[in-house]
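In: sequence unknown, structure follows:
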């Protein structure tokens, strides 16, 4: 027989231990539940942030385009003409607000035009020959690296045909200029024997390295697939700064004007959204 006092003490001891275990278990359960609840609250926030990042990424559009340019020099003198070149590059577009968007491009482009010079060094007392007196018709191909920044507006008329107008400016770097010339003159003075020679040469040193252009244009986008679109782009690129500081059709020092290169460009391209 166990004395009653000892049995009560034992029951008291067992009860206190059970209470302690219950407190520990309850506290542990509360801490675990709190931690799990906190993590469950963080996960949607992380998922929401990830979703926002994906949405922003999906709003960007990557494009490639290429085509032809029709070029002409603009001068204070009328002795000039057109030539042709190419334009090709990549673009990144981002819609800003209700049809308005920004587009950054990097293009390789040929600009230029034709210029005529009438040379007559006999006025300086030199004897007349093919080199001192001639007419030179030159076509200059200006190879340019161009970085345009454009602001555009999209008209949501039809899902199958989306017209866009845009305007902006570009920085242009001239990295190479080739002159294709045709020179005509009197081969045998006094006998009216006229000769014409053709050739080409590097003329990069004649032209300015850095220029600015104004750009205005329009394009249309047609869907090809759910993620791929076809673009038809037409733009006018006007020289804001001169490509040549001085040109004289009389080839006379002190008489001349600045030259700007303007281009009509038509391109076809593809666009697709970034991300899934």
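Out: Yep, that arrived. Everything numeric here is computed off the predicted structure, so don't read it as measured data.
In: tell me which residues of stretch 94-114 are tucked away?
Out: 101, 103, 105, 107, 109-114 (16 or more other CB atoms under 10 Å). Yep, even glycine has a C-beta here, placed from its N, CA and C like the rest.
In: in which helix or strand would I find the residue most central in space within the chain?
Out: Nearest to the mean C-alpha position of the chain, counting by CA atoms, centre = their mean, stands residue 105 at 0.7 Å. Using DSSP states H and E, residue 105 sits within strand 100-120.
In: and the nearest residue to residue 171 once chain neighbours are set aside, helix, strand or coil?
Out: When the adjacent residues along the chain are set aside, residue 171 lies closest to residue 147, with 4.9 Å between them (CB to CB, 6 or more residues apart in numbering). Following DSSP: H, G, I helix; E, B strand; the rest coil, residue 147 is assigned to strand.
In: closest to residue 66 out of the buried residues of stretch 94-114?
Out: residue 107 (9.3 Å; CB to CB).
In: you'd agree the closest one is up against residue 143?
Out: No - with contact defined as CB atoms under 8 Å, residue 107 does not reach residue 143; the gap is 11.5 Å.
In: where does the nearest residue to residue 121 once chain neighbours are set aside fall, phi/psi-wise?
Out: Closest residue to residue 121 in three dimensions, ignoring its sequence neighbours and counting by CB to CB, 6+ apart: residue 132, at 4.0 Å. Main-chain dihedrals, residue 132, degrees, to the nearest 10: phi -90, psi -20.
In: list the contacts for residue 132?
Out: 119-122, 126 (CB atoms under 8 Å, 6 or more residues apart in numbering).
In: nearest to residue 205, out of those residues: which one, please.
Out: Relative to residue 205, and with distances defined as CB to CB, the nearest of those is residue 119, at 19.2 Å.
In: got the contact list for that closest one?
Out: Contacts of residue 119 by CB under 8 Å, 6+ apart are 132-136, 251.
In: which of those has the weakest pLDDT?
Out: Lowest pLDDT among the contacts of residue 119: residue 251, with 71.
In: count the residues that sit near that one.
Out: If you count neighbours by other CB atoms under 10 Å, residue 251 ends up with 15.
In: check residue 76 too.
Out: 9.
In: pull out the buried residues from stretch 259-273.
Out: Result for stretch 259-273 [16+ other CB under 10 Å]: buried residues 259-263, 265, 267, 269, 271.
In: now stretch 148-164
Out: The neighbour-count check on stretch 148-164 (16+ other CB under 10 Å) flags 148, 150, 152, 154, 162, 164 as buried.
In: run the angle between the strand or helix carrying the second one and strand 100-120 for me.
Out: Of the helices and strands defined by DSSP H and E, residue 150 is found in strand 133-154. An angle of 170 degrees separates the directions of strand 133-154 and strand 100-120 when computed by axes from the mean of the first three to the mean of the last three CA atoms, to 10 degrees.
In: strand 133-154: what's the following helix or strand?
Out: Using DSSP H and E, the helix or strand that follows strand 133-154 in sequence is strand 162-188.
In: pull out the buried residues from that following strand.
Out: Buried residues in strand 162-188, counted by 16+ other CB under 10 Å: 162, 164, 166, 168-170, 172, 174, 177-181, 183, 185-186.
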